[in-house]
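Engineer: here is a sequence together with a model predicted from it:
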Amino acid sequence: MTVEVEVLGKFPECQRCKKTLENVQKAAELLSERGIEVKVSKVDATARETVAKYGIVIPPAVAVNGLVRIAGRVPSVEEVKMLITEVSG
C-alpha cells in the first residue's frame with residue numbers, strides 16, 4: 001500500500017512551507033527504509049481546486065491519503081512519521 005502525502009503550501013514557497021516539505025520528504029525517506037512506500041507531492045494551497053477539496057486551509061498543511069492532518073504549522077519529522085505509520089497499518 002502506498003501512502004499519499006500532500007504538502008499544501010503557497011507558491012512561491014514561504015520558509016514554513018519549504019521546511020514542511022523538507023520534513024515530509026525526510027520522513028518518507030526514513031520510512032521507505034522500513035518498507036513503507038510514501039508518495040509525496042506539493043500542492044498549491046491557494047488554488048481553487050485545493051480550497052474546494054480541503055476547505056479553507058492555513059498553509060502549510062499536510063494531508064495524508066486525502067485528509068488534512070496538520071494545518072497552520074510546521075510538523076516535525078517524527079510527527080509526520082507517526083502519521084504515516086498510523087495510516088499504513
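Structural biologist: Noted; the coordinates are in hand.
Engineer: who's in contact with Arg69?
Structural biologist: Val62, Ala63, Leu83 (CB atoms under 8 Å, 6 or more residues apart in numbering). All C-beta atoms are positioned from the backbone trio N, CA, C, and that covers glycine.
Engineer: wait, Gln25 touches Val40, no?
Structural biologist: Yes. Here Gln25 reaches Val40: they are 5.7 Å apart, a contact under CB atoms under 8 Å.
Engineer: ok, so of the contacts of Arg69, who is nearest Leu21?
Structural biologist: Using CB to CB, Val62 comes nearest to Leu21 of the contacts of Arg69, at 9.4 Å.
Engineer: show me the helices in this structure, by range?
Structural biologist: Ranges of helices in the chain, per DSSP state H, are 15-32, 48-54, 77-88.
Engineer: okay, these in JSON lines with mean pLDDT and mean neighbour count next?
Structural biologist: Formatted as JSON lines, the helices of the chain follow (pLDDT from 0 to 100; neighbours: other CB atoms under 10 Å):
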{"stretch": "helix 15-32", "mean pLDDT": "97", "mean neighbour count": "18"}
{"stretch": "helix 48-54", "mean pLDDT": "93", "mean neighbour count": "13"}
{"stretch": "helix 77-88", "mean pLDDT": "95", "mean neighbour count": "17"}
